[in-house]
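Undergrad: Give me a model of this one.
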Amino acid sequence: MARPVNPFNEDTLPPFGGFPKDTLRFLRELKKNNSREWFTENKHRYEQAIKEPMLMLLESLAARLRVAHPDIVLEPKKAMYRIYRDVRFSADKSPYKEWVAAAFTYRGFDRKQDAAFYFHFSPEEFGIGGGLYAPTGDRLKNVRKAIDADASPLHAILKEKSFRKYFGELQGEELARVPQGFDKEHPEVALLRKKQFLCWATQPTSALADAAVVELLLAHFSAMAPFVRWLVDHS
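TA: Residues are numbered from 1 along each chain as shown. Sure thing, here's the model as predicted:
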């Protein structure tokens, strides 16, 4: 039997060798010294240990997604979250985020409004997930209408081996009761009560230093792709 063709040409993929040792060290020190003065003095470290390698990681991941999932759009500079916090309406006036994160979604949708792919890391956690975190407008109502009409496609997605392998079960906050407009004896009561539709997994932060972190992210995002696709199409 012929061996399957590898869709990736490793010679042409953007290289990423893992994050340097100073990445998590910088974030630990930032947590203790979250001030503009300290950050200004250490901005060169931020550029070298955080921003540059993160953009390289995203570029490498984007190249793989273009082959595996061409309808997912990852533009590294747009996907990476800024380190600067918006403190206008926050009691916490710390000017900088103490973690690194990125999000992206399917072509034609908005990562800030629609279901999206997401990951973040700090010295304490490396998390990978996706879905609808804080649905705005009528998005949550639309998802509930789709569940009410026919939840079987969503159930099939949540039962897929790859989804269960990487994420287990559907996660997210939920209401104490069935939302208004639905029968309290509705067969899909568990899904209708959801306020968030999320999948989430954590990996050891040591994985960040390994070049294989790109493939690790790709595997997780591929497993959740049908879930995110269903959400963007029904919200």
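Undergrad: all strands for the chain, in order.
TA: For the chain, the strands defined by DSSP state E occupy 72-73, 100-106, 116-121, 126-132, 197-203.
Undergrad: could I get these as a markdown table with mean pLDDT?
TA: Conversion of the strands of the chain to a markdown table gives the following (pLDDT from 0 to 100):
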| stretch | mean pLDDT |
| --- | --- |
| strand 72-73 | 98 |
| strand 100-106 | 98 |
| strand 116-121 | 98 |
| strand 126-132 | 98 |
| strand 197-203 | 98 |
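Undergrad: pretty sure Asn42 contacts Arg25?
TA: No. Look at Asn42 against Arg25 with C-beta atoms under 8 Å: they stay out of range, at 10.7 Å. All C-beta spots, glycine's among them, are computed from the backbone N, C-alpha and C.
Undergrad: related to what we said a few turns ago, got the strands of the chain as TSV, with mean neighbour count and distance to Asp86 columns?
TA: Listed next are these as TSV, based on neighbours: other C-beta atoms under 10 Å; distance: least, C-beta to C-beta, whole Å:
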stretch	mean neighbour count	distance to Asp86
strand 72-73	19	25
strand 100-106	22	14
strand 116-121	23	17
strand 126-132	22	21
strand 197-203	19	23
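Undergrad: for this structure, what's the longest helix?
TA: Longest helix of the chain, by residue count under DSSP state H: helix 213-234.
Undergrad: buried ones in that one?
TA: Using 16 or more other C-beta atoms under 10 Å as the test for burial, helix 213-234 gives 213-214, 216-218, 220-232, 234.
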